[in-house]
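Student: Please work out how this folds:
(2 chains)
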There are 2 protein chains.
Amino acid sequence: MSKAASWVRGGNVTSPKGFLAAAIHAGIKPGTEKDMALLVSLLPADAAGAFTTNQVKAGPVRVSQQHLKNGKVRAVILNSGNANACTGVRGIADAKKMTSETAAGLKCKPQEVLVCSTGRIGVPLPIRKVLRGIKQCVKVLKPDRGSLAARAIMTSDTVKKEAAVRLSLGGRRVTIGAMAKGAGMIHPNMATMLCVVTTDAAVDRKTLERVTSEAVEHSFNRISVDGDMSTNDTVLVLANGAAGNTPLKSYDADLGKFSAALKGLMQEMAKKIVGDGEGMTRVIELTVHGASTEADAKKMAEAVVRSPLVKTSWTGGDPNWGRIMGAIGASGARLREELVDIHYDGVAAVRGGVATATPVGRLKAAARRSRVAIQVNLNLGKGEYRMLTTDLSEKYVRINLGE
Amino acid sequence: MSKAASWVRGGNVTSPKGFLAAAIHAGIKPGTEKDMALLVSLLPADAAGAFTTNQVKAGPVRVSQQHLKNGKVRAVILNSGNANACTGVRGIADAKKMTSETAAGLKCKPQEVLVCSTGRIGVPLPIRKVLRGIKQCVKVLKPDRGSLAARAIMTSDTVKKEAAVRLSLGGRRVTIGAMAKGAGMIHPNMATMLCVVTTDAAVDRKTLERVTSEAVEHSFNRISVDGDMSTNDTVLVLANGAAGNTPLKSYDADLGKFSAALKGLMQEMAKKIVGDGEGMTRVIELTVHGASTEADAKKMAEAVVRSPLVKTSWTGGDPNWGRIMGAIGASGARLREELVDIHYDGVAAVRGGVATATPVGRLKAAARRSRVAIQVNLNLGKGEYRMLTTDLSEKYVRINLGE
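Tutor: The predicted structure follows:
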């Protein structure tokens, strides 16, 4: 986190002023687990978003993208247990019904409501249950329900993901809160993940869009669990101005502070997603540097984090750098084998493309930590790219076998 | 297999006339398992090859590529248990020593010997043991040792892979034999796999190169186990002319027959590799058709066979077509969601981008067979691509955890 900002203990999406939340069990998921959440801003909020680049887009993604063009946002309605993806025109109609029902309850326009769904693909929403659930949500809105909302959007997540940071902008105390979900189908642009960020700062809309894109690029776009990109990925940022600061614009001296805090918060949420990766036993921080270009470094990093052979060796705590060499060599990015260096937590495994004399015990000790930093140096140029990822365990497979 | 050719019962690399083989335990692998094989042609053979496109290439790959330029080949020396990859200049020197030692034993030139290694990456060859092993191999060469050679090149393979076909060329009976190994690190261009093909047909060298490339493109380049491409992939074809046919040239009417038989044989070996995929429980034959271009169909097929989420659903026998939609949508190839059809063994799961009314029981029955054909139709154009692949099981993970 940047120095100008500090974490709010127990912070969440309702930590900023002027936000209410609700979470209920609508019956989309079996049992009694909460499966719907509503987030409301008491003031019309400026909003920005980032969405999956998958060509197969869920109904709620299409509807939220359209509604965002409208500018001001009053609420976000979310459900878990069903992604409302690959459900055709009915899926879009259902997502619109969700925004209309929410708008009716809140007495605002449907265009002021955004919508997110997450869960199984290809099954139409149980829309009656969902609409009943929205009516219920409206009745139980409260300013201290942020944590419950974070819990209601979980799918294969094992822990709820939330945080908030505080900073000062032009003498006003400003808070930014976030909730996220995501544990599988996680890969850049952007992972099966939802993240809603709230802030009571006033931020000019164009400026909000810019800082949101930058923050997403340096957080959610640099994590990978299984290399799969979802149909529903959505990041939303709502800024309602309740803190009373002068709206931040692109030329503001304070913008850097806000932007750094937003990025830090999103990086924290991205870290939580990787740390809860399906079946994960280790977090790997992979840095590819010394590549000819940043694009080459990125290509290599993505090839490594996608390789099942590399990922299973991480599970085994085996410093099998040969598999990393194989993956970068097949990535299509430029390398000279005889120049490659690889380190595990600073311990040299490879120098000049061949094994070092480092005792294998030392390498194993490094590779068996719960968090391992791996550095691949191409020694060609200044291109660098860093990614957070997980290993591939038997548990990951068990989780994803299906029914 | 083409109609003009027929399988040879129990056929292998020494089924064609004029080939000898040997297999021994040199001590590269622990225990008593055979780990070296030598294949010798009694007549100088024309030869062609296809090699990994990984930029990280093992020493033996570099040496074989160089020696192939020489034209005539007398022998191929192979070892398992150690890939001699990422071993730098020493690795190249060791691979050259293997060819020199073999040439000394056979009284031919080192340039007439090709070399293949497979096994763990990054560990220098135990070269003394290997050179002693070569001396032993030379002493035990016999015309009926093809099957033993196929066994000696196995690594994580659970069965040896060999076959032979017979056809008539200009009134002469001609045989083509093959042995292969490979079970993991399998993905186009070309998989961690070795395949040596022998034939007693006489084939002009340029023509042999052309038919070899075509056969590889339609066999080993269309299989995937885990999406990883190796540093050692090698396919070699040796044609020694012992059958006495007039050498086949590009304009020969019989070339089509030979080419089809060679392709059929390589496809059979590719099938054996997929069927022995590490931890595999099902073989999937994936066809993407109706794409705008063949390149788009290929991009989508490769995205599907690389997706851990899709592959684990195959293990579970779950007809989770939503994950396939997610994978093709993220592939970068063009699609229109509302036009996509997906079938499991001819049973329609998706029509126009949404679920059909097919009872889920029927889809599950199709998805739970030991061999499942999945058709994805984009309904956009004539681009088509087919791949053979496997699922991703807990056993795959266990196999690859490392020590």
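Student: I'd like to know how far A:W314 sits from A:W321.
Tutor: Distance, A:W314 to A:W321, using Cβ to Cβ, to the nearest Å: 11 Å. Quick note: C-beta positions are derived from backbone N, CA and C, even for glycine.
Student: what do the two both touch?
Tutor: By Cβ atoms under 8 Å, 6 or more residues apart in numbering or on different chains, A:W314 and A:W321 have no common neighbours.
Student: So if I had to pick from the two, which one is more boxed in?
Tutor: Neighbour count, other Cβ atoms under 10 Å in any protein chain shown: between A:W314 and A:W321, A:W314 has more, with 28 against 25.
Student: Locate the more buried one within the secondary structure: which element?
Tutor: A:W314 belongs to helix A:308-315 when assigned by DSSP states H and E.
Student: quick one: that helix to chain centroid distance?
Tutor: Here the centre of helix A:308-315 is set off from its chain's centre by 23 Å, with Cα atoms, centre = their mean, to the nearest Å.
Student: by how many degrees do it and helix B:308-315 diverge?
Tutor: Angle of helix A:308-315 versus helix B:308-315, following axes from the mean of the first three to the mean of the last three Cα atoms, to 10 degrees, is 90 degrees.
Student: I'd like the mean pLDDT over the helix or strand just after helix A:308-315, please.
Tutor: The C-terminal neighbour of helix A:308-315 among helices and strands, as given by DSSP H and E, is helix A:321-329. Across helix A:321-329, the average pLDDT comes to 92.
Student: Next, the angle helix A:308-315 makes with helix A:321-329.
Tutor: Here helix A:321-329 runs at an angle of 150 degrees relative to helix A:308-315 (the same axes, to 10 degrees).
Student: Report all helices and strands that helix A:321-329 contacts.
Tutor: Helices and strands touching helix A:321-329, by 3 or more Cβ pairs under 8 Å, 6 or more residues apart in numbering or on different chains; DSSP states H and E, are helix A:294-306, helix A:308-315, strand A:341-344, strand A:347-351, strand A:371-377.
Student: Quick check: which of the ones you listed is buried the most?
Tutor: Comparing these by mean neighbour count (mean count of other Cβ atoms under 10 Å in any protein chain shown), helix A:308-315 comes out on top with a mean of 26.
Student: And the contacts of that helix?
Tutor: Under the criterion Cβ under 8 Å, 6+ apart, residues A:281-282, A:284, A:304-305, A:319-320, A:323-324, A:326-327, A:367, A:372, A:389-394, B:184-185, B:226-228, B:308, B:392, B:396-397, B:400-402 lie in contact with helix A:308-315.
Student: of those residues, buried ones?
Tutor: Among the contacts of helix A:308-315, those classed as buried by 16 or more other Cβ atoms under 10 Å in any protein chain shown are A:281-282, A:284, A:304-305, A:319-320, A:323-324, A:326-327, A:367, A:372, A:389-394, B:184-185, B:226-228, B:308, B:392, B:396-397, B:400-402.
Student: name the element A:V138 belongs to?
Tutor: Element membership for A:V138, per DSSP H and E: helix A:127-139.
Student: Contacts for that helix, please.
Tutor: With contact meaning Cβ under 8 Å, 6+ apart, helix A:127-139 is reached by A:22-28, A:35-38, A:77, A:79, A:94, A:97-98, A:101-102, A:105-106.
Student: Stretch A:150-158 now?
Tutor: Stretch A:150-158 has contacts (Cβ under 8 Å, 6+ apart) with A:12-13, A:23-24, A:34-37, A:78-81, A:116, A:118-119, A:160-162, A:179-184, A:194, A:276, A:278, A:399.
Student: Between its first and last residues, how far does that stretch reach?
Tutor: Stretch A:150-158 has an end-to-end distance of 12 Å (Cα to Cα, to the nearest Å).
Student: Name the residues of it that are buried.
Tutor: Neighbour-count burial for stretch A:150-158, counted by 16+ other Cβ under 10 Å, picks out A:A150, A:R151, A:A152, A:I153, A:M154, A:T155, A:S156, A:D157.
Student: from the residues you listed, which single one is nearest chain B?
Tutor: A:S156 (11.2 Å; Cβ to the nearest Cβ).
Student: Can you check the pLDDT for the residue nearest to that closest one when sequence neighbours are not counted?
Tutor: Of all residues not flanking A:S156 in the chain, A:A183 sits nearest, at 4.7 Å (Cβ to Cβ, 6 or more residues apart in numbering or on different chains). Predicted confidence (pLDDT) for A:A183: 76.
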